[in-house]
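Undergrad: What follows is a predicted structure for the sequence shown.
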2 protein chains.
Amino acid sequence: MMEPTLRDPTDPLIDHAEGQHFLNEAFKVIVEEVLCKGTDATQKVCEWKEPDELAVLLDLELREMGEPRGRLLQRVRDVAKKPKPLHAWMISHCEICSFTYEVAPVFVLMENEVLRSLRQLLGWTEGDGIFCPGGSMSNMYAINLARYRLFPEVKSQGLWSVPRLAIFTSPESHYSVRKGAAFLGFGTDSLILVNVDDRGHMIPEDLDEKIELSKSQGVVPLLVSCTSGTTVQGAFDPLDQIADVCGKHKLWMHVDAAWGGSVLFSKQHRSLMKGIDRADSVAWNPHKMLLAGLQCSALLLKDTSNLLKQCHGANASYLFQQDKFYDVNLDVGDKSVQCSRKADCLKLWLMWKAIGSNGFEERVNKAFVLVRYLVDEMKNRDGFHLLNDPEFVNVCFWFIPPSLRGKEGNADYPSRLAKVSSVAPVIKERMMKKGTLMVGYQPLGDKVNFFRVTVFSPLISHKDLDFFLDEIERLGINL
Amino acid sequence: MMEPTLRDPTDPLIDHAEGQHFLNEAFKVIVEEVLCKGTDATQKVCEWKEPDELAVLLDLELREMGEPRGRLLQRVRDVAKKPKPLHAWMISHCEICSFTYEVAPVFVLMENEVLRSLRQLLGWTEGDGIFCPGGSMSNMYAINLARYRLFPEVKSQGLWSVPRLAIFTSPESHYSVRKGAAFLGFGTDSLILVNVDDRGHMIPEDLDEKIELSKSQGVVPLLVSCTSGTTVQGAFDPLDQIADVCGKHKLWMHVDAAWGGSVLFSKQHRSLMKGIDRADSVAWNPHKMLLAGLQCSALLLKDTSNLLKQCHGANASYLFQQDKFYDVNLDVGDKSVQCSRKADCLKLWLMWKAIGSNGFEERVNKAFVLVRYLVDEMKNRDGFHLLNDPEFVNVCFWFIPPSLRGKEGNADYPSRLAKVSSVAPVIKERMMKKGTLMVGYQPLGDKVNFFRVTVFSPLISHKDLDFFLDEIERLGINL
């Protein structure tokens, strides 16, 4: 078992006693305001506020500095108290988070503000966006939007009415691009895999060639799905060069930054995403590295022509009446392919208020420092063999048990190497049954099963990482 | 403002003081077990249990009778305590609710059990299913599965490789069928709208004719999306007759029971869905009438050939390794087009344990009784004019202000009738600004703007309904 570790006391939401006290207080507020008053028939079901007035009242803006706990509790109270007519469930269904301004005024304005702040980090002064149930959906939205922009008739007439289309991505991109191609009706054959270098970066020259090749075959290149922070290696595709290729061929440039997007908070590391301002769309999951609770996934769009609403809108007359008494542009629900949506923006907004952009930056920087420590330690130990020096917080490595070490010259080396492939599954079974660790493994291309750890929790200390390495050694020593 | 109402004290989770006490206790358990121990490095990150053993330990089965609060709290403790390695977030990302057995053993088994119990209500002894982020996604899944069953090559080759397909639904079905047709690449023109009778039921004879017509035009009929509980009128399509037509033409029969499915709990009212056992797929949102928290939406499948996994699977090697030490059929994540998924099944499971199928039945029956009361009251008052006698818990009505009443014979009646259309928006604005009610309105076909209330919360009393009617009268009296 792990030994207790020292926490960094400067991090406001990481101090456990403090954090717990906050949670307890927030829970009380929610029970009182939402559960009791929200179902008490003597209370108003809503308290109408004009959008501008409400935005000022809530102080939605996200800033660099975090706020003291007292302020945060007041914010929880504000959000819980404001017109968000839970009581309305008595008489109206399904609409609570469909995001019309009348039923969810706080969350409509809050989602706008969070999306605006995220776009700002991309270097965009305007645009659009929406929170989706996960990064996979965000990637699908991007592909659907690209298709609609190029061929608006596809919405009514379907893919039969347009030429064959191609989507370009790297073999190391997230599997949701593949799932999305099938789900959206393109078929997985529409996916053209662009070669990567040894560290997992898409090669822009190969992208250019494959686009040309597609064209010569009568296929219309639609979109490039780049990745900022691949799932396994944590690689960042070279966005600036890919943007050049997209510009040359007029392709939609989508960036799946679900995992890596958070580096944008760090002045030191944001260069990994140089060129992100040139993308058409970006998927970013603050529920990953920033530890906002699952699910919290944003799709950000550079578009200012209301493409999202045009592409996904069904104008259901029972929800999105045009004869309302306020600006119906605030009824954002029709931008989604869902009906009811959870208020996923709230988690990120509250966290951002709590620790500020500076707090996020500190967490990102700390993760990189910890990875550096882990990698240095691995290099100092005999059994650990890195796939590559990490670019991000993914550390991919083989554990080579003593019996298989240093035999590269021997005749039986190939057969021994094959055994390395079964090392990870055995160690994994042992750790699960012992209950000390939980680490994933996988093969990749011609590389046999290796472990992958991602180091990003602000709770991790050097001691934890030492324990991690020691424990892998203990579990694998006799293999 | 509404006056306080008497609650039914026999309903265990509706007693506020009791409910609050339970919530407080459950919150303590979660903070202790998940937050403190889950992030305490001295604790095991997981405690391996074989699936069979774990299922027995948790007592997953759902029964007719509810359980006392003490047992429920123990269940919260069990779920919070069992191997659900939150701690793993330190070192492994994204996988927590991807639903491999190793990372979410409790939720994998629990989802299986909840789906099995829901299928049982449909009259199915076997089958498949999955929780989706909302009913819209469930409907899209069904359409995608139907497409894949008929033309498996569509997954790789896309819609270009198959003939034009048609989807049949009624004009009163949920707009997600339309959104889905566009999103999945069919285009909204692929949607063939089947006529409905005056109360909103799909007409099976018209369905049959339109299928024949499509065939004669060289289009392949794919799927009928029936509705059990339409959004506006709450109509139940005649499933048995539609199943005959689907059988005759070999179409996939999908039932969107997102809203109405809960009547299956009621022996008295389940006949509304007679024929549901003949469907191929059913979408059902317990987050609606059963009031499980948003989101909680199940797609149920009769298929036993693993269609869901074959259709959606990407076999991502980093998640779904085949060389694991347990039955990888429990790694259900690849059935989804998402990656991480929330454990939406938990909410329904816990509620079901709390009040039992009997408790759900009672709630459904009570809602019908309340609707009967509301309708009778409306008939006794001058200003209320029902669209139809409700079949379900949706009550659609016009409020006719005194100035417009009883003028059917007069020369100015048409111009007065046109004014009825603006009555609902004005009353709505007034109620929002006053904060007393929140009721939606919409037009439907040639029917001008009318109000729609859905009465299903177990908190509602006759007094609330009286208040509702009085308040509409007060708000609209001078129009």
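TA: Looks like it arrived, so ask away. Numbers count the residues shown, from 1 in each chain, chains lettered A, B, ... in the order given.

Undergrad: By mean pLDDT, point me to the weakest helix or strand of chain A.
TA: helix A:16-30 (a mean of 75; mean pLDDT, DSSP states H and E).

Undergrad: starting at the chain centroid, how far to that helix?
TA: Remark: helix A:16-30 is offset 26 Å from the chain centroid, using CA atoms, centre = their mean, to the nearest Å.

Undergrad: Then stretch A:195-215?
TA: Centre-to-centre, stretch A:195-215 and its host chain are 24 Å apart (CA atoms, centre = their mean).

Undergrad: What lies in contact with that stretch?
TA: The contact list for stretch A:195-215, computed with CB atoms under 8 Å, 6 or more residues apart in numbering or on different chains, reads A:166, A:168-172, A:192, A:194, A:220-221, A:224, A:226-227, A:230, A:232-238, A:241-242, A:244-245, A:248-249, A:251, A:388, A:391. From N, CA and C alone the C-beta is placed, and that goes for glycine too.

Undergrad: tell me which residues of that stretch are tucked away?
TA: A:196, A:199-204, A:206-208, A:210-211, A:214 (16 or more other CB atoms under 10 Å in any protein chain shown).

Undergrad: mind putting those residues in CSV, distance to B:Ile130 included?
TA: CSV is the format used below for the buried residues of stretch A:195-215 (distance: CB to CB, whole Å):
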residue, distance to B:Ile130
A:Val196, 32
A:Arg199, 36
A:Gly200, 31
A:His201, 35
A:Met202, 32
A:Ile203, 37
A:Pro204, 38
A:Asp206, 37
A:Leu207, 35
A:Asp208, 40
A:Lys210, 35
A:Ile211, 36
A:Ser214, 34
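
Undergrad: returning to that earlier point: list the buried residues for the least confident helix or strand of chain A?
TA: Result for helix A:16-30 [16+ other CB under 10 Å]: buried residues A:Gly19, A:Phe22, A:Glu25, A:Ala26, A:Phe27, A:Val29, A:Ile30.

Undergrad: just checking, which of the contacts of stretch A:195-215 belong to helices?
TA: Among the contacts of stretch A:195-215, DSSP state H puts A:Gln241, A:Ile242, A:Asp244, A:Val245, A:Lys248, A:His249 in helices.

Undergrad: thinking again about what came up before, list the ones among the contacts of stretch A:195-215 that fall in strands.
TA: Secondary structure from DSSP state E places A:Ala166, A:Phe168, A:Thr169, A:Ile192, A:Val220, A:Pro221, A:Val224, A:Cys226, A:Thr227 of those in strands.

Undergrad: Surely the second one touches A:Pro221?
TA: It stands for A:Phe168. Yes: at 6.8 Å, A:Phe168 and A:Pro221 qualify as touching, with contact defined as CB atoms under 8 Å.

Undergrad: intersection of neighbour lists for those two?
TA: A:Ile211, A:Leu251.

Undergrad: Compare these two (neighbour count), which wins?
TA: A:Phe168 (29 against 24; other CB atoms under 10 Å in any protein chain shown).

Undergrad: Distance from the chain centre to stretch A:443-456, please.
TA: Chain-centre distance of stretch A:443-456: 20 Å, with CA atoms, centre = their mean.

Undergrad: now swap in stretch A:354-368 and tell me
TA: Using CA atoms, centre = their mean, the mean C-alpha position of stretch A:354-368 is found 16 Å from that of the whole chain.

Undergrad: number of nearby residues for the closest residue to chain B within the stretch 101-250 of chain A?
TA: At 2.3 Å from chain B, A:Gly185 is the closest residue in the stretch 101-250 of chain A, using CB to the nearest CB. By other CB under 10 Å, 27 other residues sit near A:Gly185.

Undergrad: Quick check: the nearest residue to A:Met432 once chain neighbours are set aside vs A:Lys274, distance?
TA: Once flanking residues are discounted, A:Met432 sits nearest to B:Trp48: 5.0 Å by CB to CB, 6 or more residues apart in numbering or on different chains. Separation of B:Trp48 from A:Lys274 (CB to CB, to the nearest Å) stands at 44 Å.

Undergrad: More neighbours: which of these two?
TA: B:Trp48 (18 against 14).

Undergrad: what secondary structure does that one sit in?
TA: Under DSSP: H, G, I helix; E, B strand; the rest coil, B:Trp48 falls in the coil class.

Undergrad: Could you do A:Lys428 as well?
TA: Following three-state DSSP, A:Lys428 is assigned to helix.

Undergrad: For the closest residue in space to it that isn't next to it in sequence, the count of nearby residues, please.
TA: Once flanking residues are discounted, A:Lys428 sits nearest to A:Tyr441: 6.0 Å by CB to CB, 6+ apart. Neighbourhood size, A:Tyr441 [other CB under 10 Å]: 23.

Undergrad: Same check on the one 3 residues further on?
TA: A:Leu444 is surrounded by 20 other residues when neighbours are defined as other CB under 10 Å.

Undergrad: Over to the one 3 residues further on?
TA: Applying other CB under 10 Å, we find 13 other residues in the vicinity of A:Lys447.

Undergrad: residues in contact with the nearest residue to it once chain neighbours are set aside?
TA: Distance criterion CB to CB, 6+ apart; nearest residue to A:Lys447, sequence neighbours excluded, is A:Leu387 at 6.6 Å. Applying CB under 8 Å, 6+ apart, one finds that A:Leu387 lies in contact with A:Gln233, A:Cys396, A:Phe397, A:Trp398, A:Leu444, A:Lys447, A:Phe450.

Undergrad: 10 Å instead?
TA: By CB atoms under 10 Å, 6 or more residues apart in numbering or on different chains, the contact list for A:Leu387 reads A:198-200, A:232-233, A:394-398, A:444, A:447, A:450-452.

Undergrad: Can you flag which of these belong to strands?
TA: A:Asn394, A:Val395, A:Cys396, A:Phe397, A:Trp398, A:Leu444, A:Lys447, A:Phe450, A:Phe451, A:Arg452.

Undergrad: any chance you could read off phi and psi for the nearest residue to A:Ala235 once chain neighbours are set aside?
TA: Using CB to CB, 6+ apart and skipping residues adjacent in sequence, the residue nearest A:Ala235 is A:Gly200, 3.4 Å away. With angles defined as degrees, to the nearest 10, A:Gly200 sits at phi 100, psi 10.
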